[in-house]
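A.B. asks: Got a sequence here, can you build the structure:
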Amino acid sequence: MWRTVVATAWALGCLVVGCNREVEDRAVRNAPSTRGSDDERTDVLRAFEQSARRTLDFERMPSSETTLGPDPWAIAPLSSGFVGVLRGRSRLVLLDAALSEIDRAPAPRAPTSLAVGADGQVFVAAGLGHVVARYTVRGNRLAANGAFDLDADVLGIRELSLSLGKLYALDDNGGRVFVLDAATGRRIETTPACVGATHMKVAGSHVAVACPFEHAIVVDGKAVLENDGPIWGFDVKETPDGLLIAAGGIENHPLDRTEGSFGFIDSFLFVVKAGRRIAEVNLSNHGVVTPKAVAIDGPSSFVVAGYGAPTLARVELMTDGEPRVEVVASPPGIRAIERMPQGWVGADPLLDAWVADGRVVPVPDSGDAPARSVASRIGEALVFTTLMAPWNKSEGRLSRFTCEACHFEGYGDGRVHWTGRTDAQGARVVASTKPLYGLAANKPHFSRALDPDLAAVAMNEFRVANAKSDHDPWFALERRDFPWLGSLGVTGDQLSPEELRRAFVAFLVDFTHRPNPRVVARDHARDQVGPDHARDQAGRRKFTEDERHGAEAFRDACAGCHAPRLAADDPESAVPFERWESLIFSDSGPIVWGKAAYAKTGIVPYVNELGARVPSLRRLYAKRPYFTNGSAADLDVVIARARWADAGAFSHAGGEGRGLDDSMRRALRAFLELL
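C.D. replies: Modelled structure (predicted):
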């Protein structure tokens, strides 16, 4: 019955909003010509991209979980040496005092955090899964020592912290912090946190969490640092005067696109004491960009490492006058730092290395690891460092920045930006940011669909990023000016403008989606058969009853727009319904759930006179807030606002018309969460 109630209205609605074959590729046909002063250059780059695409099998492309290298993600000191986790290889490694690897052991899948107890016991969290594994160090060997198993509905653990005999585990997908007895694993309590939290720090009994969609640091459930944009990293410390927080984040100002460039997106250090903001330091002005690694080094001194630039700074707040900032050279890409007796060590996933006071120690990789081109590694640096626009300034609205200003770790920033344009009625046209993952299969690009391919994206991004730099965006880079490029495998003296753009495209082709945590969780179910039939007798991943009902509803109602294709612009890549289940439950989850067409569904103001390009729903969990205007905070709002008029017209904006009952909403949400 649930199908017959709405199926007809849904089908009619899809015709009304323009999802039939007649307008199949209108987005591509209506995109403006890319020909101009860079005409021949774009054509050459496009030929390179087309050649690369001919070798791609979109159904079987490997995931960024492993293809981006070992990805050293976190490091912690021991009494002698260090331990670290390799997110890209799911390994725990034992390092000596010089950061040379002594031993490695299997770790929970895609680990993103570790903690070391006073007794030397090492805890490692599953970034995909619901376990915290324990290890002991015996001489020069790592020995597994059991695991703590959290709730089966935990999809991943983003952060761990130890304090006063308690182990804190941040469940970012579920928006919870589990507090465990560190000795026994016994659950002490579960406290709420924000969904999508990226960082957690514990000081005494205080728990601080960085909430990207709320743009705040929340301490013990209360926001103590609210910002217009994301926080990239922070540290906390108890002091006699109250809790001290040091955070690296984006400038507390809306992005300004009115001059055809990116304005007001510098990197800042924010200092809060006892709930009061006491300092804001423009780090970009000192060449420190995207400070993910932040450490409190004294009552008024802080150390920050710029992930996006080859710099590390010590900031000292003065009792009177401007803060003192001392900057030293340090490789880019550091996301975590730890104090040594003399200096600092860091984990650097960009360079796939450990770093000690500017010295780079590459992580040895196994011979069976996926091969990766030097071009792709250069492209990653173009996205995540200032390499794309190295001469930018930070005065006034000008900014030194990287793509992570809007795409933290390749995802979004939770903000809705004014594009600098208005529609015919004078309303500001806004757009929410989307992930950079999976672009190769999802052209044309952006909500306006004005870039038909990655070649156009590359040319336009170099142009806009350098718009206020007083430099021609068609530039070459001398290796001597960027010596850290040698750690990426660059051997020549110069990278030409063509090489830089090919590298940018090569990386975006390699930047495939990571596995969906909700899908991976099926591998960790306590009861592999179970009453919900999540897996069959052979252990294969299967739809639950709700998920299957949701899939059938999606097929009948939504797939006309959000097409089940392996390439959004290729109707021939459509996947038949009987194959949806197997592909959804693969690690790559390759179906795009989008197409190269425009639609008007009531989400105004429209970014294009034809509406907005039908977006991909792939990895929908990572794309909050939803719609171009960001008006839906979560999937429940998206589903609740779906409406079908008696004449068949469909709206995503709510209002009059037929909606969905509770059982249908539950089924559709269950399916959408798998994409």
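
A.B. asks: per-residue confidence for the most centrally placed residue in the chain?
C.D. replies: By Cα atoms, centre = their mean, the chain has its centre lying nearest to residue 411, at 3.1 Å. At residue 411, the predicted lDDT confidence score is 95.

A.B. asks: Kindly report the same for the one 10 residues further on.
C.D. replies: Reading off the per-residue confidence, residue 421 sits at a pLDDT of 92.

A.B. asks: Surely it is in a helix?
C.D. replies: No. Counting by DSSP: H, G, I helix; E, B strand; the rest coil, residue 421 is not found in a helix; it is strand.

A.B. asks: ok, it - how many residues close by?
C.D. replies: By the measure other Cβ atoms under 10 Å, the count of residues near residue 421 is 15. Yep, even glycine has a C-beta here, placed from its N, CA and C like the rest.

A.B. asks: Tell me the spacing between the residue nearest to it when sequence neighbours are not counted and residue 219.
C.D. replies: Leaving aside its sequence neighbours, residue 421 sits nearest to residue 429 (Cβ to Cβ, 6 or more residues apart in numbering; 4.6 Å). Computed as Cβ to Cβ, to the nearest Å, the residue 429 to residue 219 distance reads 36 Å.

A.B. asks: and if you look at residue 464?
C.D. replies: Counting by Cβ to Cβ - residue 464 and residue 219 are separated by 37 Å.

A.B. asks: more neighbours, these two?
C.D. replies: Per other Cβ under 10 Å, whichever of residue 464 and residue 219 has more neighbours is residue 219, with 20 against 16.

A.B. asks: was I right about the more buried one contacting residue 203?
C.D. replies: No. Judged on Cβ atoms under 8 Å, residue 219 makes no contact with residue 203 at a distance of 9.1 Å.

A.B. asks: list residues touching both of the two?
C.D. replies: Jointly contacting residue 219 and residue 203 under the rule Cβ atoms under 8 Å, 6 or more residues apart in numbering are 236, 243.

A.B. asks: partner strands of the helix or strand hosting residue 136, parallel or antiparallel?
C.D. replies: Take DSSP states H and E as the rule and residue 136 turns out to sit in strand 131-138. If you go by DSSP bridges, strand 131-138 pairs up with strand 122-125 (antiparallel), strand 141-149 (antiparallel).

A.B. asks: Could I get the pLDDT score of residue 531?
C.D. replies: pLDDT at residue 531 comes out at 30.

A.B. asks: now residue 9
C.D. replies: Looking at residue 9, the pLDDT reads 36.

A.B. asks: Could you pull out the strands in the stretch 51-200 of the chain for me?
C.D. replies: 72-77, 82-86, 91-95, 101-106, 113-116, 122-125, 131-138, 141-149, 159-163, 166-171, 176-181, 187-192, 199-203 (DSSP state E, counting those that start in this stretch).

A.B. asks: The second one - which strands sit beside it in the sheet, and in what orientation?
C.D. replies: Which is strand 82-86. Take DSSP bridges as the rule and strand 82-86 pairs in its sheet with strand 72-77 (antiparallel), strand 91-95 (antiparallel).

A.B. asks: which other residues reach the first one?
C.D. replies: Spelled out, that is strand 72-77. Under Cβ under 8 Å, 6+ apart, the answer for strand 72-77 is 82-87, 95, 111-116, 122, 335-336, 338-340, 345-349, 352-354, 363.

A.B. asks: Run through the residues that contact residue 626.
C.D. replies: Residue 626 is in contact with 432, 632, 633, 634, 635, 637, 638, counting by Cβ under 8 Å, 6+ apart.

A.B. asks: Just the buried residues of those.
C.D. replies: Buried by 16 or more other Cβ atoms under 10 Å: 432, 632, 635, 638, out of the contacts of residue 626.

A.B. asks: Mind checking which of those residues land in helices?
C.D. replies: Among these, the ones falling in helices (DSSP state H) are 635, 638.

A.B. asks: Which members of the buried ones among the contacts of residue 626 define the maximum pairwise distance?
C.D. replies: 432 and 635 (14.4 Å; Cβ to Cβ).

A.B. asks: ok, and what's touching stretch 41-51?
C.D. replies: Residues outside stretch 41-51 that contact it (Cβ under 8 Å, 6+ apart) are 34-35, 453-456, 458-459, 474, 497-498, 501-502, 505, 509.

A.B. asks: at 10 Å what do you get?
C.D. replies: The contact list for stretch 41-51 (Cβ atoms under 10 Å, 6 or more residues apart in numbering) reads 34-36, 38, 440, 443, 452-460, 474, 497-498, 501-502, 504-506, 508-509.

A.B. asks: before we move on, back to that, return the closest of the contacts of residue 626 with respect to residue 368.
C.D. replies: For the contacts of residue 626, the closest approach to residue 368 (Cβ to Cβ) belongs to residue 635, at 38.2 Å.

A.B. asks: show me what contacts that closest one?
C.D. replies: 620, 621, 623, 624, 626, 665, 668, 669, 672, 673.

A.B. asks: Now for those residues, which sits with the most neighbours around it?
C.D. replies: Busiest of the contacts of residue 635 [other Cβ under 10 Å] is residue 668, holding 24 neighbours.

A.B. asks: quick one: it is in a helix?
C.D. replies: Yes. Judged by three-state DSSP, residue 668 forms part of a helix.

A.B. asks: residue contacts, it?
C.D. replies: By Cβ under 10 Å, 6+ apart, the contact set of residue 668 is 546-547, 549-551, 553-554, 557-558, 635, 638-639, 642, 660.

A.B. asks: one step back: and the contacts of residue 635, which two are furthest apart?
C.D. replies: Spatially, the most separated pair among these is 623 and 665, at 18.9 Å (Cβ to Cβ).

A.B. asks: Format the contacts of residue 626 as TSV; extra columns: distance to residue 144.
C.D. replies: Compiled in TSV, these are given as follows (distance: Cβ to Cβ, whole Å):
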residue	distance to residue 144
432	43
632	44
633	41
634	38
635	38
637	43
638	43
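
A.B. asks: Closest one to residue 485 out of those residues, please.
C.D. replies: Nearest to residue 485 among these, with distances taken as Cβ to Cβ, is residue 432, at 33.7 Å.

A.B. asks: what about the closest one, distance to residue 282?
C.D. replies: According to Cβ to Cβ, residue 432 and residue 282 sit 26 Å apart.

A.B. asks: contacting residues for the nearest residue to residue 155 once chain neighbours are set aside?
C.D. replies: Residue nearest to residue 155 in three dimensions, not counting chain neighbours: residue 517, with 3.7 Å by Cβ to Cβ, 6+ apart. Going by Cβ under 10 Å, 6+ apart, residue 517 touches 109-110, 126-130, 154-156, 172-173, 619, 621-622, 673.

A.B. asks: run the last query once more with 6 Å
C.D. replies: 128, 155, 156, 173 (Cβ atoms under 6 Å, 6 or more residues apart in numbering).

A.B. asks: about what we covered before: please identify the most buried of the strands paired with strand 131-138.
C.D. replies: Mean neighbour count, computed with mean count of other Cβ atoms under 10 Å, is highest for strand 122-125 among the strands paired with strand 131-138, reaching a mean of 27.

A.B. asks: Distance from the chain centre to that one, please.
C.D. replies: Averaging C-alpha positions (Cα atoms, centre = their mean, to the nearest Å) puts strand 122-125 23 Å from its chain's average.

A.B. asks: Thank you kindly, that will do.
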